[in-house]
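Asker: turn this into a structure:
(2 chains)
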Amino acid sequence: MSADSGTQTTPPAESSPDDHKKFSLGEDWAATIVGLVIFTLCLVGVLTPDLIP
Amino acid sequence: MTPPDNSPAHAAEKDTTVEVPSPVPVAPAAEAPLTAAPSSTVRIGWAVGGLVVVVGLAWLVQFLVGWVPEATGGTGFGRVAKSIEYPVYAIVLGFAANALLSAIGLRDRMSAAFRTEFFIKVGLVLLGATIDFSIFVRAFGPAVVQAYLLITAVFLFTWWLAGRLGIDDKLRALLATSLAVCGVSAAVAAAGAVQAKKEQLAFTATLVIVFAVPSIFLLPWLANVMGLTDAVTGAWIGGNIDTTAAVTAAGAVAGEGPLQIASIVKVTQNALLGVVAVLLTMFFAFKVVADDSPGTPKKITDPAALKLLRGRFPKFVLGFLAASVVATVLGQTMSPEMLEPRLDVAKDIQVWALTLAFVSIGLEFKVQSAKEAGWKPVVVFAAATVVNLVVGLALAAVLFGGFEM
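Answerer: Take a look at the predicted model:
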């Protein structure tokens, strides 16, 4: 993101907020999967109270 | 943090943290200048360091929650100390660490680990396991009605007021969407829909955080003063506070009942983000900037519109619902002696995930962006927040007044 410096004659290509679309979609799915994996591990007894600080 | 937009930052779901980058990489005096782009190993090293900071602060929060009431028992502060919930310690410690790391020039290097939205979403998926699905089913109807009415009222008011103050149309869209729907993630979705500049997104994201953080403590306190029921408190919080993280924090401060309803209301509102994004795209394509390019939706049933709807839908809501359904079904089939300990572990990890998120809220805040916001967007935000509070309270009281937890 560039500021309105006023000193550039050829401003760089303006990047848009959607540039990292793929990564943000990946993080959303990652959080969902991580949450469900943790929940599953709790239900099957892999994660126990002793393991939680 | 992910580059723009949290909404998710970059796009839709941002609910990923919006990477709200500084306009120009002007290093503050304390920041050590980098002469060359760091290698990926160095970047990973700093990210790991940042993660150590976040986890360490979260551990300190857990410690303080138990130790402070004990240490101050019998004193005047002791009664107050017992009521201080973990989100308070987490955000305060996050801000303090932010100030320290910024002063020694390490904050930006470690920022890749400050993933508020990721931690929040993991926590919300686990929170789903604590909600009986029947509560969700009963709350969903009122939540949809509240969301629809509140989004419409707040969006139109903000759009109008920002227009009266001469604010640029694209920034108007960002302000209106972030206030009406779900904070930073909505701002990112709107930014993508209207092709806003990153600077505008950074301003909006900063305003959202600046207004959301005090709300974490203010709304639960006001709800207590007004004697609101758990359901109305939760609905008011969920419909009012802009970011999902702050809603969760405020809900946690208010209590378990309000937290459940606040989460349901908030995820319902978040789910409507896709509809708002499509309508904004179409409005800007036809009314503001004539855009007939392929991929621009002409009507709500266009493949482009459906793609946008699908893309903007916050995926963590699916995990939230799935966890709730599984926990509810197991509650009917497993014995409590076997199920309860397992759900308790999930709840402990949920608290950890949310603590990490609240610590990251404090760590992520950028003072520079706040200074650059200017006064007009601040006036718009403040006025629209008041409207949101009043209308939100009225709707919550009407729709959730008789709701039995």
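Asker: make it CA atoms for all contacts and neighbour counts henceforth
Answerer: Noted.
Asker: show me where pLDDT drops low in chain B?
Answerer: In the predicted model of chain B, residues B:1-38, B:79-80, B:82-83, B:274, B:277-278, B:285-301, B:308-309, B:312, B:367-373 satisfy pLDDT under 70.
Asker: do that again at 50, thanks
Answerer: B:1-32 (pLDDT under 50).
Asker: got it, and chain A?
Answerer: Scanning chain A for pLDDT under 50 picks out the ranges A:1-23.
Asker: repeat the analysis, applying 70 as the threshold.
Answerer: Low-confidence segments of chain A, defined by pLDDT under 70: A:1-25.
Asker: now for residue B:148: which residues touch it?
Answerer: residue B:269 (CA atoms under 8 Å, 6 or more residues apart in numbering or on different chains).
Asker: which SSE is it in?
Answerer: Using DSSP states H and E, the element containing residue B:148 is helix B:133-164.
Asker: show me what counts as buried in that helix.
Answerer: Under the neighbour-count criterion of 16 or more other CA atoms under 10 Å in any protein chain shown, helix B:133-164 has B:133, B:135-136, B:139-140, B:142-144, B:146-159, B:161-162 buried.
Asker: tell me who's in contact with the residue lying closest to residue B:380 once chain neighbours are set aside.
Answerer: Distances taken as CA to CA, 6 or more residues apart in numbering or on different chains place residue B:162 nearest to residue B:380, at 6.0 Å, with adjacent residues excluded. For residue B:162, the contacting residues are B:172, B:376, B:377, B:380, by CA under 8 Å, 6+ apart.
Asker: among those residues, which two are most distant?
Answerer: B:172 and B:376 (10.8 Å; CA to CA).
Asker: compare those two (neighbour count), which wins?
Answerer: Shown here are residue B:172 and residue B:376; by other CA atoms under 10 Å in any protein chain shown, residue B:172 has more neighbours (24 against 14).
Asker: would you mind measuring from that one to residue B:158?
Answerer: Distance of residue B:172 to residue B:158, computed by CA to CA, to the nearest Å: 8 Å.
Asker: so the residue of chain B positioned farthest from its centre, which state does it fall into?
Answerer: Farthest-out residue of chain B from its mean C-alpha position, per CA atoms, centre = their mean: residue B:74, at 36.8 Å. Judged by DSSP: H, G, I helix; E, B strand; the rest coil, the three-state class of residue B:74 is coil.
Asker: for it, give its distance to chain A.
Answerer: Here the criterion is CA to the nearest CA, to the nearest Å. By it, residue B:74 lies 28 Å from chain A.
Asker: and if you look at residue B:182?
Answerer: The gap separating residue B:182 from chain A is 15 Å, by CA to the nearest CA.
Asker: residues contacting the nearest residue to that residue once chain neighbours are set aside?
Answerer: Among residues not flanking residue B:182 along the chain, residue B:242 sits closest, at 5.0 Å (CA to CA, 6+ apart). Residues near residue B:242 by CA under 8 Å, 6+ apart: B:178, B:179, B:180, B:181, B:182, B:183, B:184, B:208, B:212.
Asker: try it again with 10 Å
Answerer: Residue B:242 makes contact with B:177-186, B:208-209, B:211-213, B:215, B:266, B:385, B:388, according to CA atoms under 10 Å, 6 or more residues apart in numbering or on different chains.
Asker: any of those buried? List them.
Answerer: Applying 16+ other CA under 10 Å to those flags B:177-186, B:208-209, B:211-213, B:215, B:266, B:385, B:388 as buried.
Asker: can you flag which of these belong to helices?
Answerer: Among the buried ones among the contacts of residue B:242, the members falling in helices (DSSP state H) are B:177, B:183-186, B:208-209, B:211-213, B:215, B:266, B:385, B:388.
Asker: closest one to residue B:314 out of the residues you listed, please.
Answerer: Using CA to CA, residue B:185 comes nearest to residue B:314 of these, at 9.4 Å.
Asker: so how far is residue B:244 from the closest one?
Answerer: Distance from residue B:185 to residue B:244, counting by CA to CA: 9 Å.
Asker: returning to what we had before: just say helix, strand or coil for the residue nearest to residue B:182.
Answerer: Secondary structure state of residue B:242, per three-state DSSP, is coil.
Asker: so how far is residue A:52 from it?
Answerer: 31 Å.
Asker: go on, residue B:319?
Answerer: To residue A:52, residue B:319 is 22 Å away according to CA to CA.
Asker: who's more crowded, these two?
Answerer: More neighbours surround residue B:319 than the other of residue B:319 and residue A:52, with 26 against 11 (other CA under 10 Å).
Asker: quick check, that one in contact with residue A:36.
Answerer: Yes - between residue B:319 and residue A:36 a contact is recorded at 6.4 Å, counting by CA atoms under 10 Å.
Asker: spit out the residues that contact these two alike.
Answerer: For the pair residue B:319 and residue A:36, residues contacting each of them under the criterion CA under 10 Å, 6+ apart are B:122, B:125, B:126, B:129.
Asker: contact partners for the first one?
Answerer: This points to residue B:122. A:28, A:30-39, B:316, B:319-320, B:349-350, B:352-354, B:357.
Asker: repeat that for residue B:360.
Answerer: B:51, B:53-55, B:57-58, B:90-91, B:93-95, B:97-98, B:111, B:113-117, B:119-120, B:354.
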